[in-house]
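Engineer: heads up, no residue letters with this:
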Ligand code: NAD
């Protein structure tokens, strides 16, 4: 049984006692089921490198079953529900999820290594997103087209059917809300494949829909990307694919969608710039910019990983930014005082080592970090790291490191700053620090990024569409826009004559 979260300090104890009664089968057709071939995999706690739970490892057969359950549920029931009915059911599910918030927070912390305060924020954010779609679906609809006097022309929004959703490990509960919320609200049923590295909250949240959502409306098929993920993206009974993850796998998913002429939305990686103009108020921007790169141990798609700073203020900026980086408390995610947890796995940890070496070989200067952080736990902890003397063509300035590594570059004119900011394959997000409204207005227009934030880095809310340009993908999660991605538009024309009587 779950204790109060502030009483839990030992990971092993939490796993053995607080969550030991939970089972992590696949969630298919409204039931927790074993994989057809009985396969399982272990999910690990990145703070201790110890196993947390055995999870069903779905094969293509299980994905077929989930899609078939999703299809029956769609045809027999879900597509006939009204927007109001779906809204009410989603609200009921939200209430149950809120009743289990502590449990989801603990699972998220153990599975991802996020500090418990961040896990709480994200679990609440995932649930809030479901609630947002439960609300706005009641206003979603087509439009009237007044182009003719003898025809009533309008558009209808219709669901697509069974949709496939593939999510990464860095924000599991957020990704769950972002994907499932608009899909179900718009009248689709879903088959979601969470990452093998952090599948627990997606499975548990789906289990908590039992007795509320009709069986088969939400299905979760944990497993390997190359097996369960590929089966979802290639499935010919799936009507749309929503993928969040790396560019490499996004391309594979897009090719698979093309085979089925399926629409796909891709939320991929980033190498986001934050331009600090000479008049920037450093009191306003240092902390959000540090959060922009160090939140979630830098394992964030929109991480502000290139600080492009005017040469007149680079010395002061750098000194203050390093101070802020060194103020992070890297340690046990279950301890309230920790502000940064471990990286998610050994591969991420090794990649950090490699990039810190590459940065120095390329001629950048390492100012702080660049090495594992010492803690009492045996996990993948890394110190917040800052490089200066970085040139934009260095690998550390161009490649998505996906860890807590800030690179500081300098510029001396507006056009140079914008050119440098846009000189990357990615276009997910960008930040601007300045008090000058003309610079703000020009930069918003000139930056090639799906989100631009001024004098801060965020917010991302259920109401704010989020998506990338260039190799960061296309389409939006969140906002009204996501509902449209999960709907098809039918145009109707009803012709009529003059009244005959
Ligand atoms: P990944 O691409 O390795 O995996 C993402 C998902 O795809 C996982 O569920 C994985 O199992 C699955 N997958 C793997 N091979 C597959 C295949 N052949 N077919 C179908 N699915 C397959 O990414 P990751 O390492 O889990 O996450 C990190 C990446 O995700 C980073 O590049 C990050 O920028 C990106 N990301 C983007 C956003 C966004 O909103 N833009 C948000 C979070 C993470």
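Structural biologist: Done, it's in. These figures come from a predicted structure and were not determined experimentally.
Engineer: any regions of the stretch 201-350 of the chain where pLDDT drops low?
Structural biologist: Counting by pLDDT under 70, the stretch 201-350 of the chain shows no low-confidence range.
Engineer: near the ligand, which residues of it?
Structural biologist: Contact residues, the stretch 201-350 of the chain versus the ligand (C-beta under 6 Å from any ligand atom): 225-226, 229-230, 233, 244-246, 249, 252-253, 267-270, 301. For glycine as for every other residue, the C-beta is placed from the backbone atoms N, C-alpha and C.
Engineer: same thing but 5 Å
Structural biologist: Counting by C-beta under 5 Å from any ligand atom, the stretch 201-350 of the chain comes close to the ligand at 225-226, 229-230, 233, 244-246, 249, 252, 267, 269, 301.
Engineer: using JSON lines, lay out those residues together with distance to residue 435 and neighbour count.
Structural biologist: Shown next, in JSON lines, are those (distance: C-beta to C-beta, whole Å; neighbours: other C-beta atoms under 10 Å):
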{"residue": "225", "distance to residue 435": "45", "neighbour count": "19"}
{"residue": "226", "distance to residue 435": "50", "neighbour count": "10"}
{"residue": "229", "distance to residue 435": "46", "neighbour count": "27"}
{"residue": "230", "distance to residue 435": "50", "neighbour count": "20"}
{"residue": "233", "distance to residue 435": "46", "neighbour count": "27"}
{"residue": "244", "distance to residue 435": "35", "neighbour count": "24"}
{"residue": "245", "distance to residue 435": "38", "neighbour count": "24"}
{"residue": "246", "distance to residue 435": "37", "neighbour count": "16"}
{"residue": "249", "distance to residue 435": "41", "neighbour count": "20"}
{"residue": "252", "distance to residue 435": "45", "neighbour count": "18"}
{"residue": "267", "distance to residue 435": "32", "neighbour count": "28"}
{"residue": "269", "distance to residue 435": "31", "neighbour count": "24"}
{"residue": "301", "distance to residue 435": "29", "neighbour count": "25"}
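Engineer: for the ligand, see how far away residue 172 is.
Structural biologist: 10 Å (C-beta to the nearest ligand atom, to the nearest Å).
Engineer: neighbours of the nearest residue to that residue once chain neighbours are set aside, just the number please.
Structural biologist: Leaving aside its chain neighbours, residue 172 sits nearest to residue 198 (4.6 Å; criterion: C-beta to C-beta, 6 or more residues apart in numbering). Neighbourhood size, residue 198 [other C-beta atoms under 10 Å]: 30.
Engineer: kindly report the same for residue 327.
Structural biologist: Residue 327, neighbours per other C-beta under 10 Å, totals 12.
Engineer: ok, residue 105 next?
Structural biologist: Other residues close to residue 105 by other C-beta under 10 Å number 24.
Engineer: residue contacts, it?
Structural biologist: Neighbouring residues of residue 105 by C-beta atoms under 8 Å, 6 or more residues apart in numbering: 5, 116, 119-120, 123.
Engineer: among those, which one has the most neighbours?
Structural biologist: Going by other C-beta under 10 Å, residue 123 tops the contacts of residue 105 with 30 neighbours.
Engineer: so that residue makes contact with residue 173?
Structural biologist: Yes: using C-beta atoms under 8 Å, residue 123 makes contact with residue 173 at a distance of 5.0 Å.
Engineer: find residues that contact each of those two.
Structural biologist: With C-beta under 8 Å, 6+ apart as the test, residue 123 and residue 173 both reach 104, 108, 201.
Engineer: secondary structure and neighbour count for these - can I get that in JSON lines?
Structural biologist: Output for these, formatted as JSON lines (DSSP: H, G, I helix; E, B strand; the rest coil; neighbours: other C-beta atoms under 10 Å):
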{"residue": "104", "secondary structure": "helix", "neighbour count": "26"}
{"residue": "108", "secondary structure": "helix", "neighbour count": "27"}
{"residue": "201", "secondary structure": "helix", "neighbour count": "29"}
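Engineer: closest to residue 357 out of those?
Structural biologist: residue 108 (31.8 Å; C-beta to C-beta).
Engineer: tell me how far that closest one lies from the ligand.
Structural biologist: 15 Å.
Engineer: spell out which helix or strand contains the residue nearest to that residue when sequence neighbours are not counted, please.
Structural biologist: The shortest distance from residue 108 to any non-neighbouring residue, by C-beta to C-beta, 6+ apart, is to residue 119 (4.1 Å). Element membership of residue 119 [criterion: DSSP states H and E] is helix 116-136.
Engineer: show me what residue of the protein gets nearest to the ligand.
Structural biologist: Residue of the chain nearest the ligand, by C-beta to the nearest ligand atom: residue 225 (1.9 Å).
Engineer: can you name the residues bridging to residue 242?
Structural biologist: residue 165, residue 265 (DSSP bridges).
Engineer: contact partners for it?
Structural biologist: 163-166, 179, 183, 264-265, 267, 475, 477, 485 are the contacts of residue 242 under C-beta under 8 Å, 6+ apart.
Engineer: can you pick the most crowded of the residues you listed?
Structural biologist: residue 164 leads these on contacts (other C-beta under 10 Å) with 34 neighbours.
Engineer: how near is that residue to residue 304?
Structural biologist: Residue 164 sits at a distance of 31 Å from residue 304 (criterion: C-beta to C-beta, to the nearest Å).
Engineer: residue 17 too?
Structural biologist: With C-beta to C-beta as the criterion, residue 17 and residue 304 are 39 Å apart.
Engineer: more neighbours, these two?
Structural biologist: residue 304 (27 against 14).
Engineer: which one is that one nearest to, not counting chain neighbours?
Structural biologist: residue 292 (3.3 Å).
Engineer: that neighbour touches residue 457, doesn't it?
Structural biologist: Yes: counting by C-beta under 8 Å, residue 292 sits close enough to residue 457 to count as a contact (3.6 Å).
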